[in-house]
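Enquirer: after the sequence you'll find the predicted model.
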Protein chains: 2
Amino acid sequence: MAGYKRYRKDSEVSYSLGITLTFELLRYKKEYVTRVFVHSEMKDGDTLERLRELCSEAGVEILFTDKIFHVLSEKENCYVIGEFRKFSGILSGEGPHIVLVNPSNAGNLGTIMRSALGFGFEQMAILRPAVDAFSPKVVRASMGAIFSINFAYYDSFSEYREQFKDRELFPFMLQAKKRLQEAEHGEKYSLIFGNEATGLPEEFLEIGTSVIIPHTDRIDSLNLPIAAGIAMYEFSKIKA
Amino acid sequence: MAGYKRYRKDSEVSYSLGITLTFELLRYKKEYVTRVFVHSEMKDGDTLERLRELCSEAGVEILFTDKIFHVLSEKENCYVIGEFRKFSGILSGEGPHIVLVNPSNAGNLGTIMRSALGFGFEQMAILRPAVDAFSPKVVRASMGAIFSINFAYYDSFSEYREQFKDRELFPFMLQAKKRLQEAEHGEKYSLIFGNEATGLPEEFLEIGTSVIIPHTDRIDSLNLPIAAGIAMYEFSKIKA
């Protein structure tokens, strides 16, 4: 068997680090799971039993080896790793979309996926250049939401827009005129967020209804996942 | 002169890494600045000129040396470091408070400070055990908000509560009954958030009005800084 390698963007597989993430993987994307690794310090018990059951149902081999943990896991207390082939989604034209233009930070992308799943936004477009969604850091920060969110990459906004016409577009920008609380919307809309450092390019002011989340002038801007979280909360007003 | 050491929790000073943070430091906490370091790759120009002016006004020495950058800065493009003595705030009983119970992650604490300043929450109580607010990671994630937010540490919630009686208390909890949109409040209130992994202990259900940010059952919880950001947004409803 070949030695284990660090994850790279061009790897065919990625990894869920930890038991909780691996359960999410087996629950929502079992057809993509290739192997599950268990560390020698993993204790026998209900959790391992449940893992065996899920792997058995999915037809996935469990390997008991510590080697891959040295390569992939920087944290202690990671005793289970799931290996999975990368998947790609096809977005539905129905319902709301989240559109991330050039997101660059793995933790942010994962956090936004988690919030999106929490507020019922299950369709996400990611515009390149962008961070690799399959980076184990994204997987971890998403807390497994990456296995449920339907996401797809696009090379440009025009490519995205051609595929999804007739949607209300809401670019979030500091120069916007409409305040978040005033933004009205139907069922088919896209919330559009720019890069962490640069925000959206000015031309987005001409697209749809640009929106600002009002804040004091004591900060330059809100952190991207915070802004996206607030926007999703306000647009969804989910009645739990 | 002694060699430069990595930041430690018991260090008397901490550091702002980068020019933008150091400008914020000199603007809002200049009386605490001890030295400013400039890297040899820093170019002459308006930015350096402005830095010289601010340091001169504050009576702060500028040292041109690369050594400290090797020790403190993992990122490239960090050409300015500000060194400052740690400060401590005394909270005012007026206006709203943010109360963080046992926050453990530096990036989260900094991000919450940034959101707090953005939504006009300038008083923050941090309950131990908790991450060190002066860690350069917190300073960086706060984008300088740490130099404006008035924060203080407490050893327990009862210590905090004894000092600030007659406030409306809003603990954010998954078991709460009141939905965020329904929570009514006056001027003197405290938004209380628990630890990233464990949330607030159950006894907080008996304190004030417990609040939940409704989300789908597809996630276990919102990320802490997201929850805090949404809560502050909803409570402040800031009219920019």
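Expert: That came through fine. Numbers count the residues shown, from 1 in each chain, chains lettered A, B, ... in the order given.
Enquirer: contact partners of the helix or strand of chain A with the lowest mean pLDDT?
Expert: Across the helices and strands of chain A, the lowest-confidence element by mean pLDDT, DSSP states H and E is helix A:67-72, at a mean of 93. Residues lying outside helix A:67-72 but in contact with it, judged by Cβ atoms under 8 Å, 6 or more residues apart in numbering or on different chains, are A:3-7, A:15, A:17, A:37, A:39, A:78-79, A:81, A:136. The C-beta positions use only the backbone N, C-alpha and C, and glycine is treated the same way.
Enquirer: relative to A:Leu180, how far out is A:Ile212?
Expert: Taking Cβ to Cβ, to the nearest Å as the criterion, A:Ile212 is separated from A:Leu180 by 7 Å.
Enquirer: near chain B, which residues of chain A?
Expert: A:107, A:111, A:114-115, A:117-120, A:143, A:145, A:148, A:179, A:181, A:212-216, A:218-220, A:222-223, A:225-226, A:229-230, A:233-234, A:237-240 (Cβ under 8 Å from any Cβ of the partner chain).
Enquirer: picking up where we left off before, name the strands paired with whichever helix or strand comes after the least confident helix or strand of chain A and say parallel or antiparallel.
Expert: For helix A:67-72, the succeeding helix or strand toward the C-terminus, using DSSP states H and E, is strand A:80-85. Sheet pairing of strand A:80-85 (DSSP bridges) gives strand A:13-17 (antiparallel), strand A:33-38 (antiparallel).
Enquirer: figure out how far strand A:80-85 is from the centre of its chain.
Expert: Relative to the mean C-alpha coordinate of its chain, strand A:80-85 is positioned 17 Å out (Cα atoms, centre = their mean, to the nearest Å).
Enquirer: contacts for the helix or strand harbouring A:Arg161?
Expert: A:Arg161 is part of helix A:157-163, with elements assigned from DSSP H and E. Residues from elsewhere that reach helix A:157-163, judged by Cβ under 8 Å, 6+ apart: A:91, A:99, A:101, A:125, A:127, A:154.
Enquirer: nearest to B:Lys30 among the residues you listed?
Expert: A:Val101 (37.7 Å; Cβ to Cβ).
Enquirer: how does chain A divide into domains?
Expert: By the assignment in automatic domain parsing, chain A contains the domains A:13-85, A:97-236.
Enquirer: could you work out the end-to-end span of the longest one for me?
Expert: In domain A:97-236, first residue to last residue: 12 Å (Cα to Cα, to the nearest Å).
Enquirer: now stretch A:176-188
Expert: Across stretch A:176-188, the terminal residues are separated by 21 Å (Cα to Cα).
Enquirer: which positions in that stretch come out as buried?
Expert: Within stretch A:176-188, the residues that qualify as buried by neighbour count (16 or more other Cβ atoms under 10 Å in any protein chain shown) are A:176, A:180, A:183.
Enquirer: repeat for stretch A:126-140
Expert: Of the residues in stretch A:126-140, those buried (16+ other Cβ under 10 Å) are A:126-127, A:130-140.
Enquirer: before we move on, back to that, could I get the contacts of helix A:157-163 as a markdown table with distance to B:Ser11?
Expert: As requested, the contacts of helix A:157-163 are arranged in a markdown table below (distance: Cβ to Cβ, whole Å):
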| residue | distance to B:Ser11 |
| --- | --- |
| A:Leu91 | 50 |
| A:Val99 | 43 |
| A:Val101 | 40 |
| A:Ala125 | 45 |
| A:Leu127 | 42 |
| A:Tyr154 | 47 |
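Enquirer: what's the most distant pair in those residues?
Expert: When these are compared pair by pair using Cβ to Cβ, the maximum separation belongs to A:Leu91 and A:Val101, at 15.3 Å.
Enquirer: those two: which is more packed in?
Expert: A direct count of neighbours by other Cβ atoms under 10 Å in any protein chain shown for A:Leu91 and A:Val101 places A:Val101 higher, at 24 against 19.
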